[in-house]
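**Student:** Using only what follows, build the 3D model:
(one chain, ligands or ions: 1)
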Amino acid sequence: MKNHLSDNVLQALALDQQQVNEEMITHLEQCDRCREALANYQLLFTALKTVEKPSLEIDIEALVMPQLPKPAPVRQPVGWGNIWLAILGVAIFSVPLFITGRFIRNLFKEVPVMMLSIILVGTLIIVGFLLREIINSYKERKQLLNFYQ
Ligand SMILES: [Zn+2]
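**Tutor:** The predicted structure follows:
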């Protein structure tokens, strides 16, 4: 037998689970490496036998379960906080709108049409200028973005 003994054979020998045949004995007598390996396995197995089994009498579940993170609560569709915030927002916007709406309607009744149209045209011109300025600034930013790209 030229080949070394396999790990399985060595382990079985160390555990005395396998009948040792002549071939194995002669190999072990001649081969330092296999003898050493067998001795190591025997050492390992005797060490394993002498290791005390850990005591598992304590309630591991009771110890571990409180340490585990609790599953995340299912997200509620709409919180009451959000609803109150929405109501508050609507109230804040609607109260002045209601007041000024009434005021503007009274104003329109008393102001002549000519005056009203002048105000309207003036407002439109101002809004137009503002819009143009905003659009121009956006165009400039866009050009800057294109420049840097
Ligand atoms: Zn060998």
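**Student:** and residue 43, how far is that from residue 140?
**Tutor:** 82 Å (Cβ to Cβ, to the nearest Å). C-beta: built from backbone N, CA, C; applies to glycine.
**Student:** Off-centre distance for stretch 35-46?
**Tutor:** 48 Å (Cα atoms, centre = their mean, to the nearest Å).
**Student:** Tell me the first helix or strand C-terminal of the lowest-mean-pLDDT helix or strand in the chain.
**Tutor:** Least confident helix or strand of the chain, by mean pLDDT, DSSP states H and E, is helix 60-64 with a mean of 76. Next helix or strand after helix 60-64 toward the C-terminus (DSSP states H and E): helix 80-110.
**Student:** just how off-centre is that following helix within its chain?
**Tutor:** 42 Å.
**Student:** tell me what it is packed against?
**Tutor:** With contacts taken as 3 or more Cβ pairs under 8 Å, 6 or more residues apart in numbering; DSSP states H and E, helix 80-110 sits against no other helix or strand.
**Student:** tell me which residues in it are buried?
**Tutor:** Residues of helix 80-110 include none that count as buried (16 or more other Cβ atoms under 10 Å).
**Student:** Rounded mean pLDDT for that helix, please.
**Tutor:** The average of the pLDDT scores along helix 80-110 is 79.
**Student:** Export only the CA atoms of the least confident helix or strand of the chain, formatted as CSV.
**Tutor:** Extracted in CSV, the C-alpha atoms of helix 60-64 (Å, rounded to 0.1, in the frame of the first residue of the first chain):
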residue,chain,number,x,y,z
ILE,A,60,-32.5,30.2,26.6
GLU,A,61,-35.7,31.4,25.1
ALA,A,62,-36.5,33.6,28.0
LEU,A,63,-33.0,35.1,27.9
VAL,A,64,-32.9,35.7,24.2
